[in-house]
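> From the sequence below, what's the structure:
(one chain, ligands or ions: 1)
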Amino acid sequence: MSLPIRDDLRGLEPYGAPQLDVPVRLNTNENSYPVPETVVDAIGKALQAELRDLNRYPDRDAVALRTDLADYLGHGLKAENVWAANGSNEVQQQLLQAFGGPGRTALGFTPAYSMHPLLATGTGTRWVDGYRAEDFGLSVEHAVAQVEKHRPDLVFLCSPNNPTGTALDPAVAAAVLDAAPGMVVVDEAYAEFARPGTPSALSVLPGHQRLVVTRTMSKAFGFAGGRLGYLAADPAVIDAVQLVRLPYHLSALTQAAARAALAHRGALLATVEAIKEQRDRIVAVLRSRGRRVADSDANFVLYEIGPQGAGSDQKIAWRALLDRGVLVRDVGLAGWLRVTAGTKAETDAFLEASAQRVNQEAQP
Ligand SMILES: Cc1ncc(COP(=O)(O)O)c(C=O)c1O
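Okay, the predicted model is just below:
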């Protein structure tokens, strides 16, 4: 018996990164460090203070939280430039609800974040899978040509790009912004991990009403379980997403916990440098083993599993690592896997487990 589900959803698979109970989990680009005790205490107090008032709906506009987020972002942004939701996934869904939808089109440059097409489909927006160069790069010329060909209502850029890890050349974002007839969304979920000198699209927000930058507390802040994502844009964009957001979509507990986390951002973001160190170590070690590895501005690394021409089945390599207790991500790119940079011990475990595979391959 089949349900009368929408035709365009029939037969699709839901998003489903495996959640497996293994010793080393490096597959969803979380921050591996637990929340420090001082911050645990602060969030606990903030939540406690909300409990008596849970009979009331929360602040629908989350003004205090948006003020704190604007303060964190800097660039002269104010609460009126910022909108928050349950993860940047929800923010992007709201953008698609407001600016996409039936009869409209969104374009992204694959491989990029796998949720962008799923969110488009869920909102009835036609998704166009744009392409990148063989080395995953995206040139101004290729990006503009695709935008001009498809005339999308929304363009999704991802910088640093997931799954490749590399930040986008700012000239590409600028050119896309010039060429695009509709909204341009720059997903900067991993911005805090970028290598020095990598500019954020936040710096070009003034004067660009169709530009939206999305961010999240799920990665550098180590707050993935708290579910808090946000965007920065012209106030008119915030007015538009308010037309589609559910009333009271951000619970009082989420708002309070996120504010407490932001107030302790120094302690939370203190892990970023250590993570970047492990990321750079993974890149260096895998390159020294002769693997092709994409440059990373994020907390993960995309790497080729075998010497060119050999061992190209990433599913086998993924399973071999899992058998050694290390969970990485198969993003569906033949011959490549993605690994999150975790703690030093987790990185040791990954490098050790992946070296075993190299040795095995070397045997006749
Ligand atoms: C590029 C990118 N954007 C957004 C997200 C989702 O973040 P959130 O937890 O804020 O929904 C992820 C998570 O992996 C991501 O890789």
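> Can you give me the domain assignment for the protein?
Structural domains annotated on the chain: 7-30+270-362, 37-263, as defined by automatic domain parsing.
> Using a markdown table, lay out these together with mean neighbour count and mean pLDDT.
Bear in mind the C-beta positions are built from the backbone N, C-alpha and C, glycine included. Listed next are the domains of the chain as a markdown table, based on neighbours: other CB atoms under 10 Å; pLDDT from 0 to 100:
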| stretch | mean neighbour count | mean pLDDT |
| --- | --- | --- |
| domain 7-30+270-362 | 17 | 90 |
| domain 37-263 | 19 | 97 |
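> Now these in JSON lines, please, with extra columns for distance to the ligand.
Shown next, in JSON lines, are the domains of the chain (distance: least, CB to the nearest ligand atom, whole Å):
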{"stretch": "domain 7-30+270-362", "distance to the ligand": "5"}
{"stretch": "domain 37-263", "distance to the ligand": "3"}
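> how about the residue sitting nearest the centre point of the chain, what does it touch?
In the chain, the centroid-proximal residue (CA atoms, centre = their mean) is A189; its distance is 4.1 Å. A189 makes contact with 88, 113, 158, 162, 214-216, 218-219, 229, according to CB atoms under 8 Å, 6 or more residues apart in numbering.
> what do you get if the cut-off is 6 Å, keeping everything else the same?
Counting by CB atoms under 6 Å, 6 or more residues apart in numbering, A189 makes contact with 88, 216, 219.
> for the last one, helix, strand, or coil?
Three-state assignment for K219 (DSSP: H, G, I helix; E, B strand; the rest coil): coil.
> mind checking how far it is from A345?
20 Å (CB to CB, to the nearest Å).
> do the same with the second one
Look at T216 and A345: by CB to CB, they are 25 Å apart.
> my guess is V244 is in a strand, correct?
No: with three-state DSSP as the criterion, V244 is coil rather than part of a strand.
> State the distance from the residue nearest to it when sequence neighbours are not counted to D153.
Excluding its sequence neighbours, the residue lying closest to V244 (CB to CB, 6 or more residues apart in numbering) is Q97, at 3.9 Å. Taking CB to CB as the measure, Q97 falls 12 Å from D153.
> Could you do L119 as well?
Distance, L119 to D153, using CB to CB: 14 Å.
> Which stretches in the stretch 251-364 of the chain count as strands?
For the stretch 251-364 of the chain, the strands defined by DSSP state E, counting those that start in this stretch occupy 300-304, 326-327, 336-340.
> same question, the stretch 51-200 of the chain
Under DSSP E, counting those that start in this stretch, the stretch 51-200 of the chain gives strands at 82-85, 105-109, 126-130, 154-158, 183-187.
> tell me how far the second one is from the chain's mean position?
Spelled out, that is strand 105-109. 16 Å (CA atoms, centre = their mean, to the nearest Å).
> Now do it: which elements does it pack against?
Helices and strands touching strand 105-109, by 3 or more CB pairs under 6 Å, 6 or more residues apart in numbering; DSSP states H and E, are strand 126-130, strand 154-158.
> ranges for the helices of the stretch 1-150 of the chain?
For the stretch 1-150 of the chain, the helices defined by DSSP state H, counting those that start in this stretch occupy 37-51, 63-73, 88-99, 115-122, 140-150.
> contacts for the shortest one?
With CB under 6 Å, 6+ apart as the contact definition, helix 115-122 has outside contacts at 15, 89, 92-93, 96, 106, 108, 127, 156.
> ok, now which ones touch W318?
W318 makes contacts with D330, as judged by CB under 6 Å, 6+ apart.
> can you tell me how far it sits from T166?
22 Å.
> cool, and V212?
21 Å.
> Could you do L3 as well?
41 Å.
> Could you list every helix and strand in contact with the helix or strand hosting V213?
Secondary structure assignment for V213, by DSSP states H and E: strand 211-216. Helices and strands touching strand 211-216, by 3+ CB pairs under 6 Å, 6+ apart, are helix 88-99, strand 183-187, strand 229-233.
> Would you mind measuring the gap between the ends of stretch 237-251?
The straight-line separation of the ends of stretch 237-251 (CA to CA, to the nearest Å) is 22 Å.
> actually stretch 221-234, not the one I wrote
So stretch 221-234: terminal residues 25 Å apart, CA to CA.
> contacts for it?
Contacts of stretch 221-234 (CB under 6 Å, 6+ apart): 30-31, 33, 69, 73, 77, 81-88, 91, 202, 209, 212-218, 257-258, 261, 268.
> Nearest to L250 among the helices and strands packed on strand 105-109 would be which one?
Nearest of those to L250, taken as CB to CB: strand 154-158 at 23.0 Å.
> mind listing what that closest one pairs with, with the direction of each?
Strand 154-158 has its sheet partners listed here by DSSP bridges as strand 105-109 (parallel), strand 183-187 (parallel).
> need the ones you listed in JSON lines with distance to V285, can you?
As requested, the strands paired with strand 154-158 are exported to JSON lines (distance: least, CB to CB, whole Å):
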{"stretch": "strand 105-109", "distance to V285": "29"}
{"stretch": "strand 183-187", "distance to V285": "28"}
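> of the ones you listed, which approaches S288 most closely?
Nearest to S288 among the strands paired with strand 154-158 is strand 105-109 (30.0 Å), distances taken as CB to CB.
> quick check: angle from the closest one to strand 126-130?
With axes from the mean of the first three to the mean of the last three CA atoms, to 10 degrees defining the directions, strand 105-109 sits at 20 degrees from strand 126-130.
> Just the angle for strand 105-109 relative to helix 140-150, thanks.
Using the same axes, to 10 degrees, strand 105-109 lies at 160 degrees relative to helix 140-150.
> Identify the bridge partners of L327.
Per DSSP bridges, the residues bridged to L327 are R25.
> Begin at 23, not 1, for the rest of this chat.
New numbering, starting at 23: the last item is L349.
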